[in-house]
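Undergrad: The following block contains a protein sequence and its predicted model.
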Amino acid sequence: MSRWWIWLVVVFLVIGLLFLNRAHFGVIVLHYHAINDRTGKEEIIAVRPEDFAWHMEYLKKAGYNVIPLKQAVEYLSEGTELPRKAVTISFDDGYMDNYKNAFPILKKHNYPATVFVATGEVGGINRWDLGRGFAELALMDWDQIITLEEKGIAVMPHTVHHVDLTTVSKVRRKEEINLSKKVLEDHLGREVTYFSYPDSGVNDEVVAEVKKAGFGAAFTSSFGTNVYKKADLYRIRRMPVKEIHKGFWGRLLFVIELKLCSLYPF
Ligand SMILES: [Zn+2]
């Protein structure tokens, strides 16, 4: 088959997806990490601020409704009403660039968001990534975390030391989950109710421990939307947004993935 046909199919697919405007199921949780300009080959999780700004602007223009994570979880657990085309925004790891680069953009749109931080690494660097070819990135300190909280950005735990909970001992697993909750609650002076698994490290034992610790919901990196009665509250899906979503083609991919994500799976 000639390439001509392949392109025709791709073009029809893209047009079809873009026009499927009304088909949106459940709630999409966008999943960001770092927001900075360091987008070399090894920086696959960093989104440039200009691309992040474009993503946020697109949500508004395309009629998406950005809701707080709490509202998304209430919908998933109790079936409360959602606005049309509901999206919520989350960041993992707690990079300082979230505070410096992402927050002003979120504030401009008055969008709520949630940041999951490794409580034992606050004020430090992304030590867990250094052996994997990633650049060194600064993490937010407690003052910045508290400022974000005061400005409407929720902060939740992502273990103490950013460990894959499926690879550590039972004792360590319990400590990483429970201590991260306690430390964050002590700093913020409120209960923290949601958790995110580092490296998407989750299995039945991890879920049991997260439930036992008192969390009401937990987030993975699995792609997809979340629909009431069908979603697993302790394996909530997200839509990863990364370095690949940059520039013209990357932004188009963002648009297409948002659409695909809202259709899959349920
Ligand atoms: Zn992480």
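TA: Looks like it came in fine.
Undergrad: you'd agree residue 175 is up against residue 161?
TA: No: using Cβ atoms under 8 Å, residue 175 is not in contact with residue 161, being 9.7 Å away. Using the backbone N, CA and C atoms, a C-beta is placed for each residue, glycine as well.
Undergrad: export the helix or strand that contains residue 248 as CSV, just CAs?
TA: Taking DSSP states H and E as the criterion, residue 248 maps to helix 247-263. C-alpha atoms of helix 247-263 as CSV (Å, rounded to 0.1, in the frame of the first residue of the first chain):
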residue,chain,number,x,y,z
GLY,A,247,5.5,22.6,19.6
PHE,A,248,2.9,22.3,16.8
TRP,A,249,2.8,18.5,16.5
GLY,A,250,3.2,18.0,20.3
ARG,A,251,0.3,20.3,20.9
LEU,A,252,-1.8,18.6,18.3
LEU,A,253,-1.0,15.3,20.1
PHE,A,254,-2.1,16.9,23.4
VAL,A,255,-5.5,17.7,21.7
ILE,A,256,-5.9,14.2,20.2
GLU,A,257,-4.9,12.5,23.4
LEU,A,258,-7.3,14.5,25.5
LYS,A,259,-10.0,13.3,23.1
LEU,A,260,-8.8,9.7,23.1
CYS,A,261,-8.4,9.8,26.9
SER,A,262,-12.0,10.9,27.3
LEU,A,263,-13.2,7.8,25.3
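Undergrad: Could you pull out the buried residues of it?
TA: For helix 247-263, the neighbour count (16 or more other Cβ atoms under 10 Å) marks 250, 253-255, 257-262 as buried.
Undergrad: can you check stretch 190-204 too?
TA: Neighbour-count burial for stretch 190-204 [16+ other Cβ under 10 Å]: 192-198, 200-202.
Undergrad: Noted, bye for now.
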